[in-house]
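Undergrad: Give me coordinates for this.
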Amino acid sequence: METKTLGITGGIGSGKSYISAFLESEGVKVYNSDSRTKELYTENKRLLTGLKKILGPEIENKETHKPDFKIMASKIFNDEELMQAVREYVYPFVMKDFQTWKKRQANNKTTNNNTTIVGFESAVILESDYVKGFMDKVLLVTAPLPVRIERVVKRDNCTREAALERISNQWSDEQRRPLADYEIVSVDGNNVGKEIKKIIADLSK
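TA: Model (predicted):
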């Protein structure tokens, strides 16, 4: 039985989680790298130790001995070099965890030709050749900028200026598009389900 991985990527507010939910409704299990990485920070002592060397010991909460994500975010938000150092250290831990998770899905047959399809959701798949190397195909999820801003403001209860700043600190869709295999525009009225069925069919070949 063959297992294929579909990377699901896009900027903040693009609708990645919405598309992942559609995929799961079609039987495709999806690994959410953002939430799982936060779990790994607290589960893996070695991971936290390494991050403290990169970001400083103050990122560890002295009472819980867990990472303080607000301090971490404040350190790397506008420091691309520091952010990249964290990513390069963390990626191998995440991908090892993903490979273990992927093996557990092997018996969850998605299609009728003994192909299992799993998803890997992350905003930074295309920014890292290392991470992209684990993907068979990559789906780019996009949405118009005003829609993305509105989603981030509503979800995170922040200002429009703060939402736009976060969007601006990520890769643009123009940077991602040439590196992706598929694209879905995630807005109301689009036949997302039909597009997802086409992608699953293509991966099943």
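
Undergrad: How much space separates the most centrally placed residue in the chain from Arg87?
TA: Compute the mean C-alpha point of the chain, and by C-alpha atoms, centre = their mean the closest residue is Ser122, 1.1 Å away. For Ser122, the distance to Arg87 equals 11 Å [C-beta to C-beta, to the nearest Å]. Just so you know, the C-beta spots here come from the backbone N, C-alpha and C atoms, and that holds for glycine as well.

Undergrad: Arg160 too?
TA: 27 Å.

Undergrad: So those two - more neighbours on which side?
TA: For Arg160 versus Arg87, the count of surrounding residues by other C-beta atoms under 10 Å is larger for Arg87: 16 against 12.

Undergrad: For that one, which three-state class applies?
TA: Assigned with DSSP: H, G, I helix; E, B strand; the rest coil, Arg87 falls in the helix class.

Undergrad: what pLDDT does it get?
TA: pLDDT, Arg87: 92.

Undergrad: Local confidence estimate at the residue lying farthest from the centre of the chain?
TA: Residue distances from the centre of the chain (C-alpha atoms, centre = their mean) peak at Glu63, which lies 29.6 Å from the mean C-alpha position. Note on Glu63: pLDDT of 88.

Undergrad: and it, that's in a helix?
TA: No - secondary structure of Glu63 (three-state DSSP): coil, not part of a helix.

Undergrad: Quickly note the distance from it to Gly13.
TA: When Glu63 is compared with Gly13 (using C-beta to C-beta), they lie 33 Å apart.
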